[in-house]
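Chemist: Structure for the following, please:
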Amino acid sequence: MKLARFSGVVLNASLFFLACGKPMETSGIKIQNGVLVPETELSSVRLIAIQNSNGTRPCTGTFVNDSQLITAAHCVDSPSDAWSVPIYVNLGTNPDAQSRWVKAIRFDAHPKYNRRENPVGPFDFGILTLPPNSAPTVSPLQTLRLLPGQLVTIAGYGQSSPSNASIGKLRKGTNKIAQLRGGVIDTSGTREPILGPEDGTSVSVNGEADQGAPLFLEGRLAGVDSGGFYQSTADGTLTFVSRYVNLITCDARDFLASKLKDATAKICTLRERESEKFYPH
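Modeler: Numbering: from 1, shown residues only. Here you go, the predicted model:
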């Protein structure tokens, strides 16, 4: 079995089959009904490895400037003023290449994030800071107001199967915004593979290892995967709801503007704040 080596620390690649502390038991650990894509297609989206007492688990993050990524806070699962777990980001196409893994310098979680009270929700995101000029490319932040029914793109590094000895492969898919409320974006679909060609055009949902993964609207980062749950529709169909942090709310933008360098994010204008009162996200 191949070993992934991070700055002198040797990690068994099989440890990547843990997502948020849970064994991955089904093929639902990846983006379902999506398509494998080369990293060069979405090179701002990176595989993240978080080491803790339970081993190593994968998450996904997105570069928004040359040295900072946005990901889910629960991936790190530590308050911003006390995080201590080693975090590494893969900057290359070969997960086994030691030189491709870079250790994060700092992590800042949203100040309202509480891993015990609200592990999934509008505050479940944070910023990983790496050395300058680490990003292969960056994805700009979206500022347009989101609307139900808009077509979005999702991407992530969930494993393709529990028996796969490689670290995550990048997949992407499409879906539509189902609803917006309370600072979160919901999309829904099935975790069962849809029969037919795997071309990325079917409704896609995130898997367990895609935590922290991006949601793009018109090529700009609009959300971060926080988690999900199953629910039944009126006709009894079981669907899976993927829940994303809405990065376009004024609360989210205020936090990002306070932590991201080089004016990567901009705080809401007075007009946008007033509009949000009448059209809450």
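Chemist: give the contact list for the residue lying closest to residue 62 once chain neighbours are set aside.
Modeler: Leaving aside its sequence neighbours, residue 62 sits nearest to residue 214 (Cβ to Cβ, 6 or more residues apart in numbering; 4.4 Å). Just so you know, the C-beta spots here come from the backbone N, C-alpha and C atoms, and that holds for glycine as well. Contact analysis of residue 214 by Cβ atoms under 8 Å, 6 or more residues apart in numbering lists 45, 60, 62, 70, 139, 154-156, 221, 223-225.
Chemist: so of the residues you listed, which ones are in strands?
Modeler: Assigned to strands by DSSP state E, the following of those qualify: 45, 60, 62, 70, 154-156, 221, 223-225.
Chemist: Residue 124: which of the contacts of residue 214 is nearest?
Modeler: Nearest to residue 124, judged by Cβ to Cβ, of the contacts of residue 214 is residue 224 at 7.6 Å.
Chemist: just the strands in the stretch 101-250 of the chain please.
Modeler: Assigned by DSSP state E, counting those that start in this stretch, the strands in the stretch 101-250 of the chain fall at 101-103, 106-109, 126-129, 151-156, 171-176, 179-181, 184-189, 214-217, 220-232, 238-246.
Chemist: With mean pLDDT and distance to residue 87 as added columns, please give those strands in CSV.
Modeler: Below are the strands of the stretch 101-250 of the chain laid out as CSV (pLDDT from 0 to 100; distance: least, Cβ to Cβ, whole Å):
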stretch, mean pLDDT, distance to residue 87
strand 101-103, 88, 7
strand 106-109, 92, 7
strand 126-129, 94, 6
strand 151-156, 92, 17
strand 171-176, 88, 22
strand 179-181, 92, 30
strand 184-189, 89, 24
strand 214-217, 96, 17
strand 220-232, 90, 16
strand 238-246, 89, 19
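Chemist: Save those as JSON lines, and put in distance to residue 56 too.
Modeler: Shown next, in JSON lines, are those (distance: least, Cβ to Cβ, whole Å):
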{"stretch": "strand 101-103", "distance to residue 56": "11"}
{"stretch": "strand 106-109", "distance to residue 56": "16"}
{"stretch": "strand 126-129", "distance to residue 56": "16"}
{"stretch": "strand 151-156", "distance to residue 56": "17"}
{"stretch": "strand 171-176", "distance to residue 56": "20"}
{"stretch": "strand 179-181", "distance to residue 56": "34"}
{"stretch": "strand 184-189", "distance to residue 56": "28"}
{"stretch": "strand 214-217", "distance to residue 56": "22"}
{"stretch": "strand 220-232", "distance to residue 56": "19"}
{"stretch": "strand 238-246", "distance to residue 56": "24"}
